[in-house]
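> predicted model and sequence below, questions to follow.
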Amino acid sequence: MLPHPKGEAASIANAFAECAFAISKVDSADLDDYARELLNRLNALIDPVGLRDPADRGMYTIKAEKLSIEQRRELSSTVDELASWFDLKSRTS
């Protein structure tokens with residue numbers, strides 16, 4: 001993720017939106033156990049359940065601001081691993 005003019009949380013929030021869109025197009029039945037686990041991990045990192053957005057800034061922004069450094073690392077590695085899995089699958093199918 002490149003630096004966003006509105007900061008790191010905005011970059012992460014944009015990534016959340018892109019990932020959520022991509023996830024909505026995936027049928028988990030088409031995944032193996034490894035990819036399914038990655039998808040579940042990504043969903044858990046994106047999920048804003050329990051958060052509130054009284055200023056209407058966007059739930060993904062609120063969630064992004066609350067991620068710890070470790071969660072940010074996990075998000076990055078999970079997205080990379082999942083992208084690699086899909087890339088490999090697309091070349092071997």
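Now that the structure is in, tell me what you want to look at. Please read these numbers as outputs of a predicted model, since none were measured by experiment.
> for the top helix by length along the chain, packing partners?
Counting residues, the longest helix in the chain under DSSP state H turns out to be helix 69-92. Packed against helix 69-92 by the contact rule (3 or more C-beta pairs under 8 Å, 6 or more residues apart in numbering; DSSP states H and E) you find helix 8-24, helix 33-46. Heads up, the C-betas are built off the backbone N, CA and C, glycines and all.
> pick out the shakiest of those, pLDDT-wise.
In terms of average pLDDT, helix 8-24 trails the rest of the helices and strands packed on helix 69-92, at a mean of 93.
> for the longest helix of the chain, what is the distance to the chain centroid?
10 Å (C-alpha atoms, centre = their mean, to the nearest Å).
> next, count neighbours for the nearest residue to Ser28 once chain neighbours are set aside.
Using C-beta to C-beta, 6 or more residues apart in numbering and skipping the chain neighbours, the partner closest in space to Ser28 is Arg36 (5.6 Å). Counted by other C-beta atoms under 10 Å, the residues lying close to Arg36 total 14.
> next, Lys6: secondary structure please.
At Lys6 the chain is in coil, as set by DSSP: H, G, I helix; E, B strand; the rest coil.
> over to Gly50?
Assignment for Gly50 (three-state DSSP): coil.
> and it, how many neighbours?
For Gly50, using other C-beta under 10 Å, the count is 6.
> ok, Lys25 next?
6.
> give me the phi and psi for it.
Lys25 has phi and psi values of phi -90, psi 0 when expressed as degrees, to the nearest 10.
> then Asp47?
The phi/psi pair for Asp47 (degrees, to the nearest 10) is phi -60, psi 120.
> with adjacent residues omitted, what lies nearest to it?
Lys63 (7.7 Å).
> try Val26
Val26 sits nearest to Leu39 (C-beta to C-beta, 6+ apart), 6.8 Å away.
> surely the one you found touches Asp30?
No. Look at Leu39 against Asp30 with C-beta atoms under 8 Å: they stay out of range, at 10.7 Å.
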